[in-house]
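1. Below are the sequence and a predicted model for it; my questions follow.
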Amino acid sequence: MGTLLNNAVKRISSIRFENVGDKVRQSHHVLISEYFRRVNAFLDAFGAHTDKYPIFSIAKVLEKNVDTNIYDLCPNLHEINHVYVKAICYGYLEIYALADEGVSEAIEFIDLYEPMIKLFERGGSFGIRQGELLVGRSSYPLKYWRELHIPLHDISDSALNRVDAGGE
């Protein structure tokens, strides 16, 4: 296991998934929006397509193989009953494994999943129902997320804390 993947495993392993979704904060919306922006940039850069959801295997999109043992590196992921959260975490592990292997596309977009990992670290979660991504009482229609022009968001901890404190 390379250094990047090792660090990703440590980070995922430290998330208390049993507590995600307990409380919705304003920063969660910033993180979801930034994730959409990053996924759009990634897909546009490679002319790639995905299903209607912004949740996918980066290895499949890049047509690369990863050692399936990486999915067993974080035993707490097996306990998660939320298929989309699990898929994002697996994608996060994949991109770091590919970056360790020197795959340039993975290196270029290594921060692709950062907004979602921060969302989970900050206690956030989401659901998908009837074509919408749900965060608290807000919904994000997934029918046209690929056509949205989404501005860059600062997702540093200090910026997200300001958002949660009502400063932005």
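-> Arrived safely, thanks for sending.
2. buried sites along stretch 82-93?
-> Within stretch 82-93, the residues scored as buried using 16 or more other Cβ atoms under 10 Å are His82, Tyr84, Val85, Lys86, Ile88, Cys89, Tyr90, Gly91, Tyr92, Leu93. Just so you know, the C-beta spots here come from the backbone N, C-alpha and C atoms, and that holds for glycine as well.
3. I'd like the residues you listed written out as TSV, with secondary structure, distance to Ile70 and pLDDT added.
-> Shown next, in TSV, are those (DSSP: H, G, I helix; E, B strand; the rest coil; distance: Cβ to Cβ, whole Å; pLDDT from 0 to 100):
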residue	secondary structure	distance to Ile70	pLDDT
His82	coil	19	89
Tyr84	helix	19	91
Val85	helix	17	93
Lys86	helix	13	93
Ile88	helix	14	95
Cys89	helix	11	96
Tyr90	helix	8	95
Gly91	helix	11	95
Tyr92	helix	10	97
Leu93	helix	5	97
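4. Of those, just say which sits nearest to Met1.
-> Checking these against Met1 by Cβ to Cβ gives Leu93 as the nearest, at 10.3 Å.
5. what's near enough to touch the closest one?
-> Leu5, Ala8, Val9, Ile12, Ile70, Tyr71, Leu73, Cys74 (Cβ atoms under 8 Å, 6 or more residues apart in numbering).
6. can you put the buried residues of stretch 82-93 in TSV and add distance to Arg162?
-> Converted to TSV, those look like this (distance: Cβ to Cβ, whole Å):
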residue	distance to Arg162
His82	28
Tyr84	28
Val85	26
Lys86	31
Ile88	25
Cys89	27
Tyr90	31
Gly91	28
Tyr92	25
Leu93	30
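7. Going by distance to Lys143, which of those residues wins?
-> Tyr84 (16.9 Å).
8. Contacts only, for the residue lying closest to the closest one once chain neighbours are set aside.
-> In space, and not counting its chain neighbours, Tyr84 is closest to Ile55: 5.3 Å by Cβ to Cβ, 6 or more residues apart in numbering. Counting by Cβ under 8 Å, 6+ apart, Ile55 touches Tyr84, Ala87, Ile88, Gly91.
9. if we can go back for a sec, give the PyMOL command for selecting the buried subset of the contacts of Leu93.
-> If you want just the buried ones from the contacts of Leu93 in PyMOL, going by 16+ other Cβ under 10 Å, the selection is:
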select buried, resi 5+8+9+12+70+73+74
